[in-house]
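[1] with the input below, show me the fold.
(one chain, ligands or ions: 2)
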Amino acid sequence: MKRVLASAAGAAALAAAVGLAPTSPDGRVVALRAPDGTALAASDFAPPSAGPGPGVLLLHQGNRDRKSWEDVASRLAKAGIHAVTVDLRGFGDSGGTPHAKWTSAERSAARKATPDDVDAAWQFLVSQPGVTRGVVGIGGAGADGVGQAVAAARRHPTEVKSLALLSGETDLAGGRFLKDHPRLPILFALADDDEYPPTQDVMAWTYSVLAGPGRRFVHYGGRRPPWLGFEDREGVPDTGGHGTDMFRGHPELAGILADWFVETLVKTPGRADVRETAAALPSTPLLEEIEAPGGTERVAKKLAEARSGDPDARPWPEAVVTLMGYHYLGAGESKRAVEIMKLNVAAYPDSADAHDSLSDAYLADGQKDPAREHAEKALALLPSDTTDSAVRKTEILDSAQGKLDQLVPKAARPAYSIQAVRYATIRDFPVSALVMGAPEDEKLDIAMVLWLIRGGGHNVLFDSGFHRAKWLAEFPSTADFLRPDEAVRLAGVPPEEITDVIISHAHWDHMGGIDLFPKATIWIQRDELAYYAGGAWQPDGRHGGIDPEDVAELVRRNTEGGVRLVGGDGVEILPGIRAYTGARHTFASQYIRVDGDPPFVLASDNCYLYRNLDERRPGATFGDDDRAANVFHQGRMVELAGSPDRVIPGHDPKPFEKFPSKEKGRIAQIR
Ligand SMILES: [Zn+2]
Ligand SMILES: [Zn+2]
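    Ligands and ions are numbered 1, 2, ... in the order given. Model prediction:
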């Protein structure tokens, strides 16, 4: 499991309020500055009467901004509590790279700096006239908001008198801090329809180990959705009850939270009168024992005993122990992490994620051989994994593959050159047919492209263009057409010297030129060939944009031994060229990553234009069910390339300006 909270160790920062905007009906907008100069937007909700009173700082979750706390903040102000909400860097109106565009490096950098953002807002709050400095509450939502709320409480232990934690968990140091302060009032809130599993398990665990007087658990029931991504993942349908989104389905919660802060900050500061305790996770004693000295060995014995009675015994929720392991990993205690992850593999031997997580722990501990072994095991288990969602399997695959790429000594990877070859332009193409939600009347001259990759004795085409007259007739605004084989010759390779053609998908403008490269081996996803040679032409089949002549040529080439079938996601086609399955632009489309320094991802129609990437908008041809998956894959492309600049869209003319060559507009020298 990836994407664990960065450890939140930040020195207290001085806030500098650099200017005040006019009062808005929902609080006064305030411009703050983080110590590194990043502009931060906050909203200040002051009580109507100026008398002294407590303050509350409200921190948003990783897929929302400060507005998500507005209702609670204005209720607090009415109740005489001074509340401040803030957009953390990368969110809402604050500065920094927008979070939707973060690469993993930018994500970690932002997470490292976030405690400074929180403290800028903290300093602003406690310096407001009338705020009683030593009586402050913090509310946090989601993995990000809860993690930051607890981290801020650790930095200000004498001033923080109350917490409200919605749908998130803390790290090892945060958990220890809360255990060491058993009287600190905490309200936990969780809804089972939270769209970011395993928040449900992890939060139930957090509450269970911290339960006691002053600890309240508001737990709403509901149906658990499938795992579709992490909290900050774009494209996850945001219809569930994660964090402050719980207010939609449970409107009384905002009032419960306001009452909580009134009780624990105004009526009885630093105390809560909670009599009812919620049901703890049944496995809590075992989970606590795992963390005790020598605990992993004792629990391993107990697990073996339980197994001898019931071979299917599952003594704890898998995700809880995974997260526990990552807590130790995040705190630098890699040996403990290895022990804990091993225990989870013992309990869940068929879980790809459990093996991948153990591999992470071994890698952090410098044990490369077992790290490799368990990453390989994770990959081996994925094809038979029927319980995880497709998105989750993708995450596990990329995580395990990423480690193997580091760990397995590679045969020398060819230094591939990459050229985009534009064989035609279609003028005045409606952008709304490419970018979901673009204005209906917007037009663009789109590039018709194939890509030439050379190295290691191979001349590889990614896609093959088209040349049949019927398509030229169907798109009369086609201009500057140069038959794909001639266009490739212009790029420097005679067509008979093309050794391989990787087909992204079977659409006419991508597979329609394979007959021009008769000596090449064709690479296509197994399911793509199977569907368009079969089911697509049955009464319930779909074959829009597929040319029967292309399919006939593909099948003929296959019977001659000239086709290689690519078996799914993350498959290496040639050394350093790996195929990834996209969402269903066609039945089984693929995009590729070309390794090298730096790597590039060639998206083909899995991302039409830079605009899809910039605005995280799905391609307009994707079906309703696949739009979220398309956005997910665009994010994955950025991760695989290491930067959005190195994802090359399928029909965008811009690469021909960005990567110029002497064949202006025709050939882009990408690398
Ligand atoms: Zn297409
Ligand atoms: Zn296309």
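[2] check contacts around the nearest residue to residue 467 once chain neighbours are set aside.
    By the measure of C-beta to C-beta, 6 or more residues apart in numbering, the closest residue to residue 467 outside its immediate chain neighbours is residue 483, 5.0 Å from it. No exception for glycine: its C-beta is placed from N, CA and C like everyone else's. Going by C-beta atoms under 8 Å, 6 or more residues apart in numbering, residue 483 touches 423, 467, 513, 516.
[3] give me the distance between the third one and ligand 2.
    In other words, residue 513. Computed as C-beta to the ion, to the nearest Å, the residue 513 to ligand 2 distance reads 12 Å.
[4] next, count neighbours for that residue.
    For residue 513, the count of nearby residues is 28 (other C-beta atoms under 10 Å).
[5] nearest spatial neighbour of it, skipping sequence neighbours?
    residue 464 (3.4 Å).
[6] residue 240 versus that neighbour, what's the distance?
    Separation of residue 464 from residue 240 (C-beta to C-beta, to the nearest Å) stands at 43 Å.
[7] just want to know which of those two has more residues nearby.
    Neighbours were counted for residue 464 and for residue 240 using other C-beta under 10 Å; residue 464 has more, 28 against 25.
[8] doesn't that one lie inside a strand?
    No. The assignment for residue 464, made by DSSP: H, G, I helix; E, B strand; the rest coil, is coil rather than a strand.
[9] isn't it right up against residue 501?
    Yes. Between residue 464 and residue 501 a contact is recorded at 5.3 Å, counting by C-beta atoms under 8 Å.
[10] got any residues that touch both of the two?
    Here residue 464 and residue 501 have 514, 517 as joint contacts, going by C-beta under 8 Å, 6+ apart.
[11] would you map the strands across the stretch 451-600 of the chain?
    Secondary structure of the stretch 451-600 of the chain by DSSP state E, counting those that start in this stretch: the strands cover 458-462, 478-479, 500-502, 521-525, 563-566, 571-574, 577-581, 590-594, 600-604.
[12] out of these, flag the one nearest ligand 2.
    Nearest to ligand 2, of all the strands of the stretch 451-600 of the chain, is strand 600-604, at 6.9 Å by C-beta to the ion.
[13] so which of the contacts of residue 483 wins on neighbours?
    residue 513 (28 neighbours).
[14] ramachandran coordinates for that one?
    For residue 513, the backbone dihedrals are phi -120, psi 10 (criterion: degrees, to the nearest 10).
[15] with the one 5 residues further on instead?
    Note on residue 518: its backbone torsions stand at phi -70, psi -20 [degrees, to the nearest 10].
[16] which non-adjacent residue is nearest it?
    Spatial nearest neighbour of residue 518, excluding adjacent residues (C-beta to C-beta, 6+ apart): residue 496 at 7.5 Å.
[17] do residue 367 as well
    residue 338 (7.4 Å).
[18] which helix or which strand is home to the one you found?
    According to DSSP states H and E, residue 338 maps onto helix 334-347.
[19] packing partners of that helix?
    Packing partners of helix 334-347 (3 or more C-beta pairs under 8 Å, 6 or more residues apart in numbering; DSSP states H and E): helix 295-309, helix 318-330, helix 352-364.
[20] what residues of the helix or strand where residue 107 lies count as buried?
    Here residue 107, judged by DSSP H and E, is contained in helix 104-126. By 16 or more other C-beta atoms under 10 Å, the buried positions in helix 104-126 come out as 107, 109-111, 113-126.
[21] residues contacting residue 313?
    Taking C-beta under 8 Å, 6+ apart as the test, what residue 313 contacts is 303, 306-307.
[22] count of residues packed around the residue in the stretch 151-300 of the chain that ligand 2 sits nearest to?
    Closest residue of the stretch 151-300 of the chain to ligand 2, C-beta to the ion: residue 235 (21.3 Å). Per other C-beta under 10 Å, the neighbour tally for residue 235 reads 21.
[23] so what pLDDT did the closest residue to it other than its chain neighbours get?
    Leaving aside its sequence neighbours, residue 235 sits nearest to residue 631 (C-beta to C-beta, 6+ apart; 3.3 Å). Among the per-residue scores, residue 631 holds a pLDDT of 87.
[24] residue 631 against residue 234, yeah?
    Yes. Using C-beta under 8 Å, residue 631 is in contact with residue 234, at 5.2 Å.
[25] these two - which one has more neighbours?
    Taking neighbours as other C-beta under 10 Å, residue 631 and residue 234 compare with residue 631 leading, 27 against 16.
[26] what residues are up against that one?
    So residue 631 contacts 234-235, 616-618 (C-beta under 8 Å, 6+ apart).
[27] switch the cut-off to 6 Å
    By C-beta atoms under 6 Å, 6 or more residues apart in numbering, residue 631 lies in contact with 234-235, 616, 618.
[28] closest to residue 383 out of these?
    The closest of these to residue 383 turns out to be residue 235 (C-beta to C-beta; 24.3 Å).
[29] which of the helices and strands packed on helix 334-347 sits closest to residue 160?
    Minimum separation from residue 160 across the helices and strands packed on helix 334-347 (C-beta to C-beta) falls at helix 318-330, 21.2 Å.
[30] please name the residues that touch residue 585.
    Taking C-beta under 6 Å, 6+ apart as the test, what residue 585 contacts is 505, 605-606.
[31] ignore the last one, residue 449
    Listed by C-beta under 6 Å, 6+ apart, the contact set of residue 449 reads 420, 422.
[32] give the buried residues for the host helix or strand of it.
    Using DSSP H and E, residue 449 sits within strand 443-455. Neighbour counts over strand 443-455 (16+ other C-beta under 10 Å) mark 444, 446-455 as buried.
[33] what is the nearest of the residues you listed to ligand 2?
    The nearest member of those to ligand 2, counting by C-beta to the ion, is residue 448 at 7.7 Å.
[34] gap between the nearest residue to the closest one once chain neighbours are set aside and ligand 1?
    Distance criterion C-beta to C-beta, 6+ apart; nearest residue to residue 448, sequence neighbours excluded, is residue 424 at 4.0 Å. Using C-beta to the ion, residue 424 is found at 15 Å from ligand 1.
[35] next, give me the two most distant ones among the contacts of residue 483.
    Spanning the widest gap among the contacts of residue 483 are 423 and 516, at 10.4 Å by C-beta to C-beta.
[36] between the two, which contacts overlap?
    Here residue 423 and residue 516 have residue 484 as joint contacts, going by C-beta under 6 Å, 6+ apart.
[37] quick check: the residue of the stretch 451-600 of the chain found nearest ligand 2 vs residue 488, distance?
    In the stretch 451-600 of the chain, the residue found nearest to ligand 2 is residue 509; the distance is 4.6 Å by C-beta to the ion. For residue 509, the distance to residue 488 equals 15 Å [C-beta to C-beta].
[38] looking at these two now, which is surrounded by more residues?
    residue 488 (28 against 25).
[39] tell me the pLDDT of whatever residue of the stretch 451-600 of the chain ends up closest to ligand 1.
    Ligand 1 sits closest to residue 507 of the stretch 451-600 of the chain, with a gap of 3.6 Å, by C-beta to the ion. Note for residue 507: predicted pLDDT of 97.
[40] cool, the one 10 residues further on as well?
    pLDDT for residue 517: 98.
[41] over to residue 348?
    95.
[42] hmm, it is touching residue 354, no?
    Yes. Residue 348 is within contact range of residue 354, at 4.6 Å (criterion: C-beta atoms under 6 Å).
[43] higher neighbour count, these two?
    Higher neighbour count among residue 348 and residue 354: residue 354, with 29 against 19, using other C-beta under 10 Å.
[44] list the contacts for that one?
    344-345, 348.
[45] on that earlier part again, what about the residue nearest to residue 448, which helix or strand?
    Counting by DSSP H and E, the element that carries residue 424 is strand 417-430.
[46] thank you kindly, that will do.
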